[in-house]
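Colleague: Sequence first, then the predicted structure:
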Amino acid sequence: MGSSMEEKVVAVIMVGGPTKGTRFRPLSLNIPKPLFPIAGQPMVHHPISACKRIPNLAQIYLVGFYEEREFALYVSAISNELKVPVRYLREDKPHGSAGGLYHFRNLIMEDDPSHIFLLNCDVCCSFPLPEMLEAHRKYGGIGTLLVIKVSPESANQFGELVADPDTTELLHYTEKPETFVSDLVNCGVYVFTPDIFTAIRDVSSQRKDTAILRRVSSFEALQPATRIPADFVRLDQDILSPLAGKKQLYTYETLDFWEQIKSPGMSLRCSELYLSQFRLTSPQMLASGDGTKTAIVIGDVYIHHSAKIHPTAKIGPNVSISANARVGPGVRLISCIILDDVEIMENAVVTNAIVGWKSSIGRWSRAEGVYNSKLGVTILGDSVAVEDEVVVTSSIVLPNKTLNVSVQDEIIL
Amino acid sequence: MKALILVGGFGTRLRPLTLSFPKPLVDFANKPMILHQIEALKAVGVDEVVLAINYQPEVMLNFLKDFEAKLEIKITCSQETEPMGTAGPLALARDKLVDGSGEPFFVLNSDVISEYPLKEMIEFHKAHGGEASIMVTKVDEPSKYGVVVMDETTGKVEKFVEKPKLFVGNKINAGIYLLNPSVLDKIELRPTSIEKETFPKIAAAQGLYAMVLPGFWMDIGQPRDYITGLRLYLDSLRKKSPAKLTTGAHIVGNVLVDETAKIGEGCLIGPDVAIGPGCVVESGVRLSRCTVMRGARIKKHACISSSIIGWHSTVGQWARIENMTILGEDVHVCDEIYTNGGVVLPHKEIKSNILKPEIVM
């Protein structure tokens, strides 16, 4: 075995595609979900900067279904900024979560990496990647999964798994089960050795032998069985489940935060988590102010340096303000994401909301979200104008609309 | 002769259809909305149409290239960099509309569907000799609109009253104008409203005349009016060119089926249905008062009424779609599903029933 100093590592981040990101609408109508800003940085930026902490990182690949041109600018900017090669690879057709990795195996293996990280772009966590790698080396399996304990009620939204308490070996894995299996779930962050490609290749040949028990509509059951193409391999059902209990897969438990950024409301919650993480890891990213020369800042707040905030405004906690935004006198912002070029006029209030690019919030108007309500946090798409004194509560407004009357619990198309 | 079509804005009321295409390119009775207007203009001798646009110009320009060739009419764009209102775009396109011949030019609103009696309008305009002619249409609820108060015999317009609280008349501006080039001298190059600024000036100088639009008129900028508009359009088609409508044992009332669409056995189609190019309607399907757009597939035994099925969508077997359900582009409704007024954004799969009107993002 070569010395670990020369062993290279490649990271692959799955970013998904436009027709799959419909739960993230309306924010994903005009921007790919992975580029949506969370805590002031594009969503995909957080796993990418976490990868930077991996020793001997040779390359980061972003794999998805978006057009190349949607990521071209971002990829070249981030490669320069972080000084690590980042490349976007477009999948021509769905191969499944493991099949996608396999599809690009030649490129991934070009740097002859000893280990390959696989991350999902819409995971929000502390990404303890160097620690995972070290643990994985100790276990000596073909893969190690990042896992976390969640509340038993919510566990069935994820992949539930059972791990050996002493060896941390993955004993059992099942995706979104109907009955309770375990409160330990799959975070969507993995490290593999190149043997994973052999395992994926073997799945297609073994596929015919496995019985599939799942509920189908009365109709599907009477149709001739549809064949899944041989190169469509899902990581959870086709790799993790069958290999569990065979001393090949191990787990690494994180005790930090973990969320999936599936809906716009979650992006606000995850922004809060990352902002509080900045407080520990890079406090210089956060804003401060006491109302004398600059606005009062409470709690964790990110303000882009080009944004203009009036000194009589009060910002925070949990606020992210993007480039060129303008916040007028007497404005109160609590728990919100304010995107580029937004204008918020005097004495307006924004709380539990996401305000889209170039939107404007009129004087004394109020944009408010309520987390547990039917529509949740208020979301204003691009170029939405909220007129003076209007109240928008728990509503979703699609781009280019003007609100001149108050609305509550509504979707405005 | 020249014409200007006011295309303007984002078409947000016709979402989710306008999330996939700009509004003038959304199909109505199996062809892009704006094509109905361009064809009517060509038929009266218009040789150049200017589209006043401010949204997705690239998509519009591509479409224009195709149709310029097919229709043998010149189509150009005048792009607003900021919203210019309803009169500003005319000033912006001035150079294209004035060709020195002194001939009047047409101005149409892209949202409007009607019989376009443009030849009669030209005769009316010549007869009264005034500077501007507008079409007006009679409506039941005039206070929703801008009412045109006019002399019923001569057609001379006295004034415009926006959303009147008391009854002043029941004719509203139908959005079809025929204007002398001198009108352009009265419009400044800034955001301007033709109804609030330009026309009142011309009316005060006794130069504005209104003609009552014969036949139907509909502003199809929103789904409910789109569906009603289709009924009116097909009714009118039955009177003027009944050969274009489809007939057969499985057809009831006015139905328009594109020649490339396929219809299976045992279906009952109509009344007031339009089925677009490349659509497949499998056997045993019931369709009434609905539009099925290009490339959509309706599977066996489904039943659809008063709804719009977007491009390349599929409706599953035994599905029931009704009550103003609007499916955007590439929406797939699973077998046996019921949707009552669901408004579904593009690229979605509907796997569970929508029991009351709801937007699915």
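Modeller: Received, thanks.
Colleague: nearest spatial neighbour of residue 294, skipping sequence neighbours?
Modeller: Picking chain A for this. In space, and not counting its chain neighbours, A:Thr294 is closest to A:Pro311: 5.9 Å by CB to CB, 6 or more residues apart in numbering or on different chains. In short, each C-beta sits where N, CA and C put it, glycine included.
Colleague: meant chain B actually
Modeller: Closest to B:Arg294 by CB to CB, 6+ apart is B:Gly276, at 4.2 Å.
Colleague: re the thing from before, wouldn't the residue nearest to A:Thr294 be in contact with A:Gly291 here?
Modeller: Yes. With contact defined as CB atoms under 8 Å, A:Pro311 counts as touching A:Gly291 (6.5 Å).
Colleague: Am I right that B:Val49 sits in a strand?
Modeller: Yes. Assessed with DSSP: H, G, I helix; E, B strand; the rest coil, B:Val49 lies in a strand.
Colleague: what sits against it?
Modeller: Counting by CB atoms under 8 Å, 6 or more residues apart in numbering or on different chains, B:Val49 makes contact with B:Lys2, B:Ala3, B:Leu4, B:Ile5, B:Ile38, B:Leu41, B:Ile73, B:Lys74, B:Ile75, B:Thr76.
Colleague: quick one: which of those residues is nearest to B:Met84?
Modeller: Of all these, B:Met84 sits closest to B:Leu4, with 11.8 Å by CB to CB.
Colleague: quick one: that closest one from chain A, how far?
Modeller: Using CB to the nearest CB, to the nearest Å, we find B:Leu4 at a distance of 23 Å from chain A.
Colleague: Partner strands of the one helix or strand that residue maps to and their direction?
Modeller: Secondary structure from DSSP states H and E places B:Leu4 in strand B:2-8. Its sheet considered, strand B:2-8 pairs with strand B:48-53 (parallel), strand B:105-109 (parallel) by DSSP bridges.
Colleague: Does B:Asp66 belong to a helix, a strand or coil?
Modeller: helix.
Colleague: Could you report the neighbour count for it?
Modeller: Close neighbours of B:Asp66, defined as other CB atoms under 10 Å in any protein chain shown, add up to 9.
Colleague: what ranges do the helices span in chain A?
Modeller: Secondary structure of chain A (DSSP state H): helices at A:45-51, A:68-82, A:96-103, A:105-109, A:129-139, A:195-206, A:218-222, A:241-243, A:264-281.
Colleague: In terms of mean pLDDT, which of those ranks lowest?
Modeller: Ranked by mean pLDDT, these end with helix A:218-222 in last place, scoring a mean of 51.
Colleague: closest one to chain B among the helices of chain A?
Modeller: helix A:218-222 (5.2 Å; CB to the nearest CB).
Colleague: wait, does stretch A:17-37 contact chain B?
Modeller: Yes. Applying CB under 8 Å from any CB of the partner chain, one finds stretch A:17-37 touching chain B at A:Pro18, A:Thr19, A:Thr22, A:Arg23, A:Arg25, A:Pro26, A:Leu29.
Colleague: In contact with the fourth one, which residues?
Modeller: By CB under 8 Å, 6+ apart, the contact set of A:Arg23 is A:Lys262, A:Ser263, B:Met361.
Colleague: List only buried entries from the residues you listed.
Modeller: Among the contacts of A:Arg23, those classed as buried by 16 or more other CB atoms under 10 Å in any protein chain shown are A:Ser263, B:Met361.
Colleague: Now go through the contacts of A:Arg23 and say which are in strands.
Modeller: Secondary structure defined by DSSP state E assigns none of those to strands.
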